[in-house]
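Engineer: need a 3D model of the following:
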Amino acid sequence: MNFNIQKSKLKKEEFPKIELKESKKSKPYIKHCYSIKALIDKFPDFSVFQEKQDIDILEMQENLSLPQTMQEYFFSIIQNHLTTELKIEKDKEDELTQIIYKIYDYVMSKLNQKIFPKTYDEDDKLYSKIFMLSWIEPKHFIVGKNNYIFDAFLPEVIEKFHNFENEQSPRKKIIYLNSIFDSITKVVQFNGGDISLGVDDQMPILNYCFIKAQPNKICSNLKFIELYRKSLIDKGNDNQMAQLTALIDFIRNITYSGITQEEFTKKCNEVINAG
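Structural biologist: Below is the predicted model:
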């Protein structure tokens with residue numbers, strides 16, 4: 001595999017002719033892109049490798065250093081254009097950053113179907129376990145605090161988990177992840193707890209909300225964010241990423257707790273049979 005993005009040395013007036021010439025070739029090895037739309041249209045579809053060769057396309061992108069390449073070449077070209085051609089002054093850093101964010105989100109959303117796996121084995125395995133545990137109650141995770149009230153917040157957290165999964169830009173996925181943890185802090189605050197939570201305090205609540213949200217692409221999303229956040233200005237919170245990783249490991253290995261093994265097995269089988 002070979003993939004790279006470089007700034008073209010062609011003049012503006014040369015692009016239409018070279019693009020027309022390329023369009024007549026069945027498989028041109030070099031593609032010239034005069035616009036953002038052209039890059040999106042001509043960007044290689046990595047999902048084809050997954051469908052035809054069963055290749056982990058996230059791992060492929062990592063091996064190609066695709067996030068770094070996109071950031072160092074494509075997005076830097078855009079930033080340079082904004083400051084030199086459109087004359088957006090560099091001292092207006094906030095304005096420039098917001099414009100770059102919007103372009104980044106637009107491009108990555110449009111490329112998502114080409115770079116995000118359509119299926120992922122780890123997602124399927126984890127979702128089967130989450131679905132099987134859908135019967136759980138707060139008391140099974142939040143020991144000694146059975147009076148916790150979730151009614152006002154659980155729908156909000158579930159919606160944020162769904163938004164996190166459905167969002168296509170890695171930058172905005174991080175924003176939704178931050179929002180999930182903000183909601184968990186609100187749960188504790190509402191129930192009279194200490195809002196300066198440690199990881200040990202957050203995890204039981206996160207585990208419960210996670211299972212109730214029933215996300216079905218959490219492993220691929222986590223790997224996708226880890227891959228692309230290295231090249232972002234705002235890389236997100238390392239602790240949140242670590243907690244999400246720990247949560248996945250916890251769910252994978254979960255066994256009966258607070259009830260007998262027989263009751264645990266019975267409840268899981270009831271969910272499976274009902275589904």
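
Engineer: what are the phi and psi values at the most centrally placed residue in the chain?
Structural biologist: Nearest to the centroid of the C-alpha atoms of the chain, with distances taken as C-alpha atoms, centre = their mean, sits N221, at 4.0 Å. Taking degrees, to the nearest 10, you get phi -70, psi -40 for the backbone angles of N221.

Engineer: show me what contacts it?
Structural biologist: Listed by C-beta atoms under 8 Å, 6 or more residues apart in numbering, the contact partners of N221 are 164-165, 173, 215. (Each C-beta comes from the backbone N, C-alpha and C, glycine too.)

Engineer: could I get those residues as TSV with distance to Q53 and neighbour count?
Structural biologist: What follows is the contacts of N221, written out as TSV (distance: C-beta to C-beta, whole Å; neighbours: other C-beta atoms under 10 Å):
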residue	distance to Q53	neighbour count
F164	29	24
E165	26	17
K173	27	23
P215	27	18
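
Engineer: among these, which one sits closest to L154?
Structural biologist: When the contacts of N221 are ranked by distance to L154 (C-beta to C-beta), P215 comes first, at 14.1 Å.

Engineer: wait, the closest one sits on H162?
Structural biologist: Yes - distance between P215 and H162: 7.4 Å, which falls inside the contact criterion (C-beta atoms under 8 Å).

Engineer: so which other helices or strands are in contact with the helix or strand where F161 lies?
Structural biologist: F161 is part of helix 154-166 when elements are defined by DSSP states H and E. Under the contact criterion of 3 or more C-beta pairs under 8 Å, 6 or more residues apart in numbering; DSSP states H and E, helix 154-166 touches helix 170-190, helix 199-213, helix 218-228.

Engineer: could you find the closest non-adjacent residue to I272?
Structural biologist: M132 (6.0 Å; C-beta to C-beta, 6 or more residues apart in numbering).

Engineer: for burial, what's the neighbour tally of that neighbour?
Structural biologist: Each residue near M132 was counted by other C-beta atoms under 10 Å, and the total is 18.

Engineer: that one contacts V271, doesn't it?
Structural biologist: Yes - under the criterion of C-beta under 8 Å, M132 makes contact with V271 at 5.6 Å.

Engineer: now the phi/psi pair for S35, please.
Structural biologist: Phi and psi for S35, reported as degrees, to the nearest 10, are phi -140, psi 170.

Engineer: quick one, domains of this protein?
Structural biologist: With automatic domain parsing as the criterion, the domains of the chain are listed as 12-115, 121-274.

Engineer: can you flag the weakest of the ones you listed by average pLDDT?
Structural biologist: In terms of mean pLDDT, the lowest-scoring of these is domain 121-274 (a mean of 82).

Engineer: ok, now which ones touch S109?
Structural biologist: Counting by C-beta under 8 Å, 6+ apart, S109 has contacts 168-169.

Engineer: how about the secondary structure of it?
Structural biologist: helix (DSSP: H, G, I helix; E, B strand; the rest coil).

Engineer: related to what we said a few turns ago, among the helices and strands packed on helix 154-166, which comes closest to K125?
Structural biologist: K125 lies closest, by C-beta to C-beta, to one member of these: helix 218-228, at 8.3 Å.

Engineer: what angle do that closest one and helix 199-213 make?
Structural biologist: Regarding helix 218-228 and helix 199-213, their directions subtend 120 degrees when assessed with axes from the mean of the first three to the mean of the last three C-alpha atoms, to 10 degrees.

Engineer: next secondary structure element downstream of helix 218-228?
Structural biologist: Helices and strands here follow DSSP H and E; after helix 218-228, the next one along the chain is helix 238-252.

Engineer: thanks a lot, see you next time.
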